[in-house]
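Chemist: Build me a model:
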Amino acid sequence: MNWHKNPHEGSKHGEVNADVDINRKNKIVSIVSLAIFSAIILIASACVVALCLPMSHFVDNPNTPSSGVISSVGSTRLQTICPIRLSLPDLTQYGDSEYNESEGDLQSSARYGAFGDVYSSSLRNIRDNNDQSITLNSKSTDDDTSAFIANNNVNHDAQVLEGHLSRVGSGTGISASMVSWATKGDVKGLSATTCSMPSMKQTFLVPESADGISIRLEAFNAASKSTVVRVRAWSAEHGSNQLNLSTGSASTVPARSHAYFDLAAASPKTSGLYVQVESEQTPIASFVKVVHMSGLSVKGVDIVHELSTQSNTNILSGISEGDQSKLYVWPNKDGNVTLSWMNDTGSKEVKNLTLKAHHLQVVDLGKVPEHANALSVSGDVPTQVMMSITKDGKDNQSDVAFITPSNVQGSGAIVSPVSANETALYLSSSSDKDTAVRLQGFDLNGVL
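Modeler: Next comes the predicted model:
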């Protein structure tokens, strides 16, 4: 299989520095609201909390499944992995430097938080042992309202956040997210993602592959032993027939390392993919990184997060009026779903779909209508969904974003990798009744 193992660069943890060059980042494109998210906020509610950076690492209901479980939902030791920033696969220089690929002024920021009954939390490079980790601290004197917070970058290595819980309960858990951006070079644009809890199996919905589009699956293994990872894929064009990937389907990811697989090369020119990633020996965290090019011009970059478990109701939040939108739907059973745009006054039905089991359906929804800020996908069968968003900015700039739904949960948290002034929070509910939501915000010192 054409997996590529990346040697680690000789770097240490980034500086614990909260100052992010926001003014420079604002020059990227006008898609910032799609990729930067709530300030350090603890959410306690009884509604569907649908956020651009959903937090699936909180312990809430042990009977509710999650796609990000390290061993069991009731575990008192939690771990989440933040991927290394988006990068170019090959920076070898050839001939005229004007035509060589460049990462330009690419930089990154990541933020980490542990909330509730957590007695310790630490952060380390994925290649390091636990004895080389740094400890998260809180300056709060109130144990009931404290949080452990840390900041750094993911320029040279993936980061592993661990939390040791005093007890398993609602409102206790860990959360992390990262963002990278560039105003010039061949990865110009902004990409962001929630960090993922390692698991033995992940699933993804992946956008179209075509000339000029790079799609890489990256698998991160924080364990002390290597693991064999297998990839399976289905395309919108081939129905329920599993694809025979041209570059193979299995390889080894070394201990405390990562490897990437070129999905665009394995299955070129498809309108979309449903991808399963399975690890045999150790839990892994996987992400799909996408770069859109048109000739020598970058048209957008982003990271696709793993899908949550199937649900009869999925809400995709964080969209804006005028965005070009496309929906990817994967069902395991025959059935029907209804698509509805949502805003602050309610929802409006726009399309009904008939689904066939194990057939990926791709729906071009055109421009997001006025005032809409979410899409609801509900039906008589559970589905997994993903939405791709394209936005054009000034001076022929553009960017892409990929939105996956959050889990339905009574409490959760998100940690923004940028400042509160550059953060947008989206809350959506599928209930027919009004719902009360309580928000708690923490500063960079972990103080409420």
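Chemist: Every contact and neighbour count from this point should use C-alpha atoms.
Modeler: OK.
Chemist: Give the burial count for the closest residue to residue 155 other than its chain neighbours, as a bare number.
Modeler: Among residues not flanking residue 155 along the chain, residue 85 sits closest, at 5.7 Å (CA to CA, 6 or more residues apart in numbering). Per other CA atoms under 10 Å, the neighbour tally for residue 85 reads 25.
Chemist: Would you enumerate the residues in contact with residue 85?
Modeler: Residues in contact with residue 85, defined by CA atoms under 8 Å, 6 or more residues apart in numbering, are 107-108, 154-156, 158, 179-180.
Chemist: Residue 387: which of those is nearest?
Modeler: residue 179 (19.0 Å; CA to CA).
Chemist: tell me the SS of that closest one?
Modeler: Judged by DSSP: H, G, I helix; E, B strand; the rest coil, the three-state class of residue 179 is strand.
Chemist: Just the element for the closest residue in space to it that isn't next to it in sequence, please.
Modeler: Among residues not flanking residue 179 along the chain, residue 192 sits closest, at 4.2 Å (CA to CA, 6+ apart). Using DSSP states H and E, residue 192 sits within strand 189-194.
Chemist: Point out the other helices and strands that that strand packs with.
Modeler: Other elements packing on strand 189-194 under the criterion 3 or more CA pairs under 8 Å, 6 or more residues apart in numbering; DSSP states H and E are helix 32-35, strand 172-182, strand 297-304, strand 398-403.
Chemist: Give me the buried positions along the helix or strand hosting residue 291.
Modeler: In this structure, residue 291 sits in strand 285-294 according to DSSP H and E. Within strand 285-294, the residues scored as buried using 16 or more other CA atoms under 10 Å are 285-293.
Chemist: now stretch 327-335
Modeler: Neighbour-count burial for stretch 327-335 [16+ other CA under 10 Å]: 327-332, 335.
Chemist: start to end distance for that stretch?
Modeler: From its first residue to its last, stretch 327-335 covers 17 Å (CA to CA, to the nearest Å).
Chemist: residue ranges with poor pLDDT in the stretch 101-250 of the chain?
Modeler: Applying pLDDT under 70 to the stretch 101-250 of the chain flags the ranges 101, 131, 139-145.
Chemist: quick one, strands of it?
Modeler: 107-115, 118-125, 134-135, 147-152, 159-165, 172-182, 189-194, 201-206, 213-221, 227-235, 250-253 (DSSP state E, counting those that start in this stretch).
Chemist: Dump those to TSV, plus mean neighbour count and distance to residue 349.
Modeler: Output for the strands of the stretch 101-250 of the chain, formatted as TSV (neighbours: other CA atoms under 10 Å; distance: least, CA to CA, whole Å):
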stretch	mean neighbour count	distance to residue 349
strand 107-115	27	37
strand 118-125	22	43
strand 134-135	15	49
strand 147-152	26	41
strand 159-165	25	41
strand 172-182	28	33
strand 189-194	30	29
strand 201-206	25	23
strand 213-221	23	32
strand 227-235	20	27
strand 250-253	20	42
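Chemist: Select, out of those, the one closest to residue 372.
Modeler: Among the strands of the stretch 101-250 of the chain, strand 189-194 comes nearest to residue 372, with 22.0 Å by CA to CA.
Chemist: ok, that closest one: who's next to it in the sheet?
Modeler: Here strand 189-194 is paired, per DSSP bridges, with strand 172-182 (antiparallel).
Chemist: chain center to the partner strand: distance?
Modeler: Relative to its parent chain, strand 172-182 has a centroid offset of 9 Å by CA atoms, centre = their mean, to the nearest Å.
Chemist: okay, that strand in PDB with CA atoms only?
Modeler: The C-alpha coordinates for strand 172-182 follow below in PDB (Å, rounded to 0.1, in the frame of the first residue of the first chain):
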ATOM      1  CA  THR A 172     -15.900  16.100  32.900                       C
ATOM      2  CA  GLY A 173     -13.500  15.500  30.000                       C
ATOM      3  CA  ILE A 174     -10.900  17.000  27.700                       C
ATOM      4  CA  SER A 175     -11.100  19.000  24.500                       C
ATOM      5  CA  ALA A 176      -8.600  20.400  22.000                       C
ATOM      6  CA  SER A 177      -8.500  22.000  18.500                       C
ATOM      7  CA  MET A 178      -6.000  23.300  16.100                       C
ATOM      8  CA  VAL A 179      -5.900  25.700  13.200                       C
ATOM      9  CA  SER A 180      -3.300  26.500  10.500                       C
ATOM     10  CA  TRP A 181      -3.200  29.300   8.000                       C
ATOM     11  CA  ALA A 182      -1.100  30.900   5.300                       C
END
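Chemist: Residue 388: which element?
Modeler: Residue 388 belongs to strand 374-392 when elements are defined using DSSP H and E.
Chemist: tell me which residues of that strand are tucked away?
Modeler: Of all the residues in strand 374-392, those buried under the rule 16+ other CA under 10 Å are 374-379, 381-392.
Chemist: okay, the angle between it and strand 297-304?
Modeler: When axes from the mean of the first three to the mean of the last three CA atoms, to 10 degrees is applied, the directions of strand 374-392 and strand 297-304 differ by 150 degrees.
Chemist: what pLDDT, on average, does strand 374-392 get?
Modeler: Averaged across strand 374-392, pLDDT comes to 95.
Chemist: and the angle for that strand with strand 398-403?
Modeler: Orientation check (the same axes, to 10 degrees): strand 374-392 against strand 398-403 gives 160 degrees.
Chemist: Could you list the paired strands of strand 374-392 along with their orientation?
Modeler: Partners of strand 374-392 in the sheet, by DSSP bridges, are strand 311-317 (antiparallel), strand 324-331 (antiparallel), strand 335-343 (antiparallel), strand 398-403 (antiparallel).
Chemist: Looking at those, which is nearest to residue 188?
Modeler: Proximity to residue 188 (CA to CA) singles out strand 398-403 among these, at 8.7 Å.
Chemist: so what's the closest residue in space to residue 282 that isn't next to it in sequence up against?
Modeler: The spatially closest residue to residue 282, leaving aside those adjacent along the chain, is residue 227, at 5.9 Å (CA to CA, 6+ apart). By CA under 8 Å, 6+ apart, residue 227 lies in contact with 221, 252-255, 279-282.
Chemist: Also residue 266?
Modeler: Neighbours of residue 266 in contact, by CA under 8 Å, 6+ apart: 245-248.
Chemist: which of the residues you listed are buried?
Modeler: For these, buried by 16+ other CA under 10 Å: residue 245.
Chemist: CA atoms only for stretch 360-370, dumped as CSV, please.
Modeler: What follows is stretch 360-370, C-alpha atoms only, in CSV (Å, rounded to 0.1, in the frame of the first residue of the first chain):
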residue,chain,number,x,y,z
LEU,A,360,-23.1,7.2,-1.2
GLN,A,361,-25.3,10.0,-2.4
VAL,A,362,-23.9,13.4,-3.3
VAL,A,363,-26.3,16.3,-3.5
ASP,A,364,-25.5,19.8,-4.9
LEU,A,365,-27.5,22.2,-2.8
GLY,A,366,-26.2,25.3,-4.6
LYS,A,367,-25.9,28.6,-2.6
VAL,A,368,-26.9,28.7,1.0
PRO,A,369,-30.1,30.8,1.3
GLU,A,370,-30.4,34.1,3.2
